[in-house]
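Novice: Return atomic coordinates for the entry below.
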Amino acid sequence: MSISQDILDEIALSRSEYELIIDKIDRDPNGVELGLFGALWSEHCGYKHSKPLLGLLPSKSARVLSKTGAENAGAIDIGNGMAIVFKVESHNHPSAVEPLQGAATGVGGIVRDILAMGARPIALLNSLRFGDLNQPNNQHLFNGVVNGISWYGNCIGVPDVAGEIYFDKSYTQNPLVNAMCVGLVAINNIATSDAGAPGNTLLLVGSGTGRDGIHGASGLASRTFDEEQELRPTVQVGNPFLEKVLIEACLEALETGKVAGIQDLGAAGLTSAAIESVSKSGNGLILDISKVHRRETGMSAYEVMLSESQERMLLSIPNQYVPDIQSIMDKWDVQSSIIGTVTDEPRAHIYDSEEMVANLPIKELSDAPKYRLKGEQSSDQIKRQKISLSDANPKNLDPTEVLFKLISSQNISSRQSVYRQYDHQVQTNTVVGPGDSDAAVIRIKGTGNAIALTIDGNGRYCYLDPFRGGQIVVAEACRNLSCTGAEPLALTDCLNFGDPERPDIYFQLEQAIKGMAKACRSLGVPIVSGNVSLYNESQGQPIYPTPIIGGLGLLPDPTYAMKSGFIQEGEKVFLVGSNSLRPRLSDLAGSEYLHLIHNKVVGRPTIDIGLEKALQSFCRKAISDRLLSSCHDCSDGGLAIAISESAMQNQIGFIANSTLSAPSARWDTILFGERQSRVIISISPENEKELLATANTLGVPLSEIGTTGGDFITLGNNLSVSLQELTDSWSNALEQL
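Specialist: The predicted structure is shown next:
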């Protein structure tokens with residue numbers, strides 16, 4: 001039977017993949033079966049181009065309790081019999097089409113991934129990218145996404161404790177909405193998505209199934225945008241109030257010990273949840289989709305199987321316990337339906353009442369083809385790396401004017417207007433919230449411990465050099481944790497790239513993963529969960545390659561948590577790490593200064609990963625020994641911005657000493673260069689001797705650069721600004737846009 005290319009395009013299957021399906025099942029698939037293959041072999045579910053590369057990432061440590069890719073999220077032992085479960089996922093394409101619902105259901109989906117591990121969600125984080133806010137459509141996307149995140153997160157009662165937002169023209173039609181969720185569970189109660197033994201009942205619980213989200217995985221998330229396509233029906237619609245009771249009902253059901261397996265209905269809906277669950281146990285299933293409770297009439301078998309309606313979970317339960325679990329669902333007013341059975345024959349037998357609509361081998365459905373392509377660095381990227389940065393000369397620039405432009409820029413100005421819309425104190429465990437430090441800190445009640453959480457990424461660095469950019473994003477996430485005093489334990493990643501079938505994009509993906517892997521091994525931190533979002537481009541224009549890293553760290557005591565703001569006058573301020581203040585042009589590569597002031601994204605960023613490891617050890621040691629008053633990562637905007645941020649937090653000024661004030665023709669590299677592996681610390685003068693000894697022992701360079709105090713930030717003879725004026729400029733810029 002011939003099949004039209006339009007149908008294959010609709011489900012993101014190639015002609016060769018369709019022919020492979022025929023070879024595997026020895027016949028032509030019917031419409032429902034083709035839909036199942038399209039969903040499960042999609043990039044979003046099957047990881048066709050990324051899985052061979054993801055194996056390069058280290059994923060094990062003494063604290064890792066999960067096998068990466070085997071379950072819905074990574075699980076980390078934090079002591080006292082407790083585990084943290086965490087993961088980050090993308091909802092980029094849905095958010096580009098319907099920003100409020102796309103972002104809201106992104107939050108709902110990642111929360112259910114954590115729930116599927118048996119964990120109670122305790123924190124949310126997000127990483128967002130948009131085009132220039134001066135364009136009305138980007139404002140629409142920005143406002144819709146922020147409203148969606150705040151609406152859903154606030155309604156379900158999970159604090160949104162940290163995040164980041166960046167703006168660049170490369171994201172104009174492809175915003176990035178990466179949502180991270182963190183959960184807490186007793187190690188003995190970690191759940192599995194494995195459906196378990198033959199004879200178990202498959203119980204669908206939660207929202208009624210509708211037509212929203214059909215082709216979300218196979219179409220929307222697995223191909224590039226075509227502005228002529230109508231994509232709104234592929235976006236899911238969220239109900240956070242139902243999600244809240246679904247969380248409580250499922251946690252109560254899991255506490256009984258009577259649930260064999262639990263799986264979220266996310267991408268590809270019932271198809272993915274059911275097939276993946278039985279695949280893990282080597283079994284099969286019989287489904288009767290006429291039993292699926294619905295909120296729309298007249299739905300076809302195809303629509304029921306591929307719907308991505310939200311707030312649904314699939315439970316596998318031994319038969320004798322089904323009434324007990326259904327009674328719990330009834331108690332919480334959560335609908336439940338018995339829709340199938342686990343079988344010992346590894347096939348999917350799917351019925352619509354008496355009619356069989358699909359009969360397929362589980363192995364072939366769940367084993368998508370994998371492609372290991374040959375990447376090729378583009379000539380444009382090679383040229384960008386070789387462009388001389390000396391052309392971006394500051395000769396005719398005023399340092400004060402540059403500082404004000406940077407501090408009020410879209411990428412550096414205060415995010416308070418965003419995070420004040422999120423409830424970050426619900427559940428009463430937030431010790432350090434957004435805006436106070438380089439990472440959030442959450443207490444773990446009953447243990448005396450706390451965890452630190454962060455999420456980071458920089459697409460510009462990867463655009464210039466994906467290998468070094470991959471190293472930098474891992475290093476910065478771990479550095480932000482270390483700046484609070486936390487020991488980095490594990491990471492989760494979301495890899496946002498363009499079309500991997502293009503050699504230059506595949507090169508970016510491969511090199512970024514290799515760079516991330518190198519940094520992870522150097523710093524001793526595994527990546528235990530994550531997500532890949534490819535095909536982020538429209539009209540042939542890809543986004544910047546943007547790997548996002550979520551980080552988890554452990555603090556032995558929440559009172560150890562360090563913040564980034566200066567806390568009193570008369571303290572000494574040091575630059576620690578790669579601290580040479582001599583001009584170095586490479587520090588400008590990919591910097592916000594170079595982009596904003598000179599309209600260039602060129603050069604090649606650098607990082608010394610060995611120094612990075614020593615620097616982070618120093619931070620943790622100095623904080624645990626109670627030597628520091630503040631600690632702040634020096635990153636976007638460089639040294640001048642880091643000092644300003646530390647000063648503005650508690651309105652305590654800064655006066656540079658002669659080390660920092662030395663005149664230089666390239667003051668821009670000193671003040672605004674983004675050299676890696678640096679932090680700004682403040683200390684009480686009596687701690688200086690012990691601090692210097694610690695730095696010497698660990699081999700970390702540091703320089704005293706000034707003191708805290710006064711109402712001005714003074715960075716040299718030609719740069720002294722009112723702290724209040726700078727704060728006003730920083731605080732209001734984003735909201736005014």
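Novice: Identify all residues paired with the residue positioned nearest the centre of the chain through a beta bridge.
Specialist: In the chain, the residue lying closest to the centroid (Cα atoms, centre = their mean) is V88, at 4.2 Å. Beta-bridge pairing of V88 under DSSP bridges involves M180.
Novice: List the contacts of it.
Specialist: Going by Cβ atoms under 8 Å, 6 or more residues apart in numbering, V88 touches 110, 125, 127, 178-180, 455, 492-494, 529-531, 548, 550. Where you see a C-beta, it was placed from the backbone N, CA and C, and this is true even at glycine.
Novice: of all those residues, which comes closest to S59?
Specialist: S529 (8.9 Å; Cβ to Cβ).
Novice: Thought K67 was touching the closest one, still the case?
Specialist: No. Using Cβ atoms under 8 Å as the test, S529 is too far from K67 to be in contact (10.3 Å).
Novice: the more surrounded of those two?
Specialist: S529 (28 against 12; other Cβ atoms under 10 Å).
Novice: Which helix or which strand is home to that one?
Specialist: Here S529, judged by DSSP states H and E, is contained in strand 527-533.
Novice: ditto for G183
Specialist: strand 176-186.
Novice: And the contacts of the helix or strand that that strand is followed by?
Specialist: Sequence-wise, the next helix or strand downstream of strand 176-186 (DSSP H and E) is strand 201-206. Applying Cβ under 8 Å, 6+ apart, the set of residues contacting strand 201-206 from outside is 195, 242, 246, 249-250, 265, 270, 274, 285, 287, 292-293, 311-319, 322, 325-326, 329, 334-342.
Novice: And strand 201-206, what's buried?
Specialist: 201-206 (16 or more other Cβ atoms under 10 Å).
Novice: could I get those as TSV with distance to D77?
Specialist: Listed next are the buried residues of strand 201-206 as TSV, based on distance: Cβ to Cβ, whole Å:
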residue	distance to D77
T201	32
L202	31
L203	30
L204	32
V205	29
G206	30
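Novice: and of the residues you listed, the nearest to G102?
Specialist: Nearest member of those to G102, counting by Cβ to Cβ, is G206, at 19.8 Å.
Novice: Just give the closest residue to the closest one, not the sequence neighbours.
Specialist: In this structure, G206 finds its nearest non-sequential neighbour in R312, 4.0 Å apart by Cβ to Cβ, 6 or more residues apart in numbering.
Novice: Quick check: that neighbour touching T209?
Specialist: Yes. R312 lies in contact with T209 (Cβ under 8 Å); the separation is 7.2 Å.
Novice: Now the common contact residues for those two.
Specialist: 269-270.
Novice: and Q427, how many neighbours does it have?
Specialist: Neighbours of Q427 (other Cβ under 10 Å): 18.
Novice: so how far is stretch 712-723 off the chain centroid?
Specialist: 37 Å (Cα atoms, centre = their mean, to the nearest Å).
Novice: What residues of that stretch count as buried?
Specialist: 712-716, 719-721, 723.
Novice: burial measure for Q385, as a count.
Specialist: Other residues close to Q385 by other Cβ under 10 Å number 15.
Novice: pLDDT value on it, please?
Specialist: You'll see Q385 listed with a pLDDT of 91.
Novice: what about it, which SS state?
Specialist: Under DSSP: H, G, I helix; E, B strand; the rest coil, Q385 falls in the helix class.
Novice: ok, it to Y461 distance?
Specialist: 12 Å (Cβ to Cβ, to the nearest Å).
Novice: Ignoring the adjacent residues along the chain, who's closest to K60?
Specialist: Using Cβ to Cβ, 6+ apart, the closest residue to K60 is P526 (5.8 Å).
Novice: Can you report how many residues neighbour that neighbour?
Specialist: A count of nearby residues for P526, using other Cβ under 10 Å, gives 19.
Novice: cool, I156 as well?
Specialist: 22.
Novice: quick one, phi/psi of D398?
Specialist: phi -100, psi 120 (degrees, to the nearest 10).
Novice: and the gap between the residue lying closest to it once chain neighbours are set aside and V107?
Specialist: Leaving out its chain neighbours, the residue that sits closest to D398 by Cβ to Cβ, 6+ apart is N718, at 8.0 Å. For N718, the distance to V107 (Cβ to Cβ) stands at 47 Å.
Novice: Could you list the domains of this structure?
Specialist: What the record gives for the chain is the domain set 1-41+191-372, 399-413+563-737, from automatic domain parsing.
Novice: circling back: packing partners of the strand holding G183?
Specialist: Judged by 3 or more Cβ pairs under 8 Å, 6 or more residues apart in numbering; DSSP states H and E, strand 176-186 is in contact with strand 82-90, helix 92-97, helix 99-115, strand 120-130, strand 450-456, strand 487-496, strand 527-533, strand 546-555.
Novice: Buried ones in that strand, by neighbour count?
Specialist: Going by neighbour count (16+ other Cβ under 10 Å), the buried part of strand 176-186 is 176-185.
Novice: Pull out the buried residues from the helix or strand hosting L141.
Specialist: Assigned by DSSP H and E, L141 belongs to helix 136-156. Neighbour-count burial for helix 136-156, counted by 16+ other Cβ under 10 Å, picks out 138, 141-142, 144-146, 148-156.
Novice: If anything else comes up later, I'll come back, but that's it for now.
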